[in-house]
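1. Here's my sequence, what's the structure:
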Amino acid sequence: MRGQSGLDHDASGVQKHLEINQNVIMRMGENSRSCKVWCVTLVSAVLVLVAQTGEANNALIALGPTVLFYVLDAYFLSLQRGFRRSFDDFVRRLHEGRASSYELFTVDFIGSIPQGTLWAMFMSFTVWPFYLVVVATVLLAWWLIF
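-> Next up is the predicted model:
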């Protein structure tokens, strides 16, 4: 099916372009998931060591990786949202017949990374509740051992 721009919706180039963009979006989601997995792993390891040694103040060391992974997770979510906007924008232009062959095989980002990261840190339900629970767990472990 050809749009007014002459770009065939079913052409292999268009399909490959969409596939490339979908892969980038999936990688950002996987990076976000990896941040959560690594955060839980490192915090758990620190808390196990703290439980064995009985030194409560060492539990606060786990807050460092938690903050780091919190920011990284928000960053990857911001990237994922920006690439998803770009993907949606391309598909919309493709259906309207305004997409051009010059757009093929480019992965564009729409939005502001700093604003998107801040949005994800404080407004995304996939980020802040998770890290809030991790921080609460670390503080509870510190309080129980102290």
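2. Now do the top helix by length along the chain: distance to the chain's middle.
-> The single longest helix within the chain, with elements called by DSSP state H, is helix 12-53. How far helix 12-53 lies from its chain's middle: 8 Å, per C-alpha atoms, centre = their mean, to the nearest Å.
3. Check stretch 95-112 too.
-> 22 Å.
4. By neighbour count, which bits of that stretch are buried? Give me those.
-> 99, 103-104, 111 (16 or more other C-beta atoms under 10 Å). Just so you know, the C-beta spots here come from the backbone N, C-alpha and C atoms, and that holds for glycine as well.
5. can I get these in CSV with secondary structure?
-> Converted to CSV, these look like this (DSSP: H, G, I helix; E, B strand; the rest coil):
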residue, secondary structure
Ala99, coil
Glu103, helix
Leu104, coil
Gly111, coil
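6. Closest one to Ile61 out of these, please.
-> The closest of the buried residues of stretch 95-112 to Ile61 turns out to be Gly111 (C-beta to C-beta; 34.6 Å).
7. Could you measure from the closest residue in space to that closest one that isn't next to it in sequence over to Leu49?
-> Nearest non-adjacent residue to Gly111, counting by C-beta to C-beta, 6 or more residues apart in numbering: Gly82, 4.2 Å away. Using C-beta to C-beta, to the nearest Å, Gly82 is found at 38 Å from Leu49.
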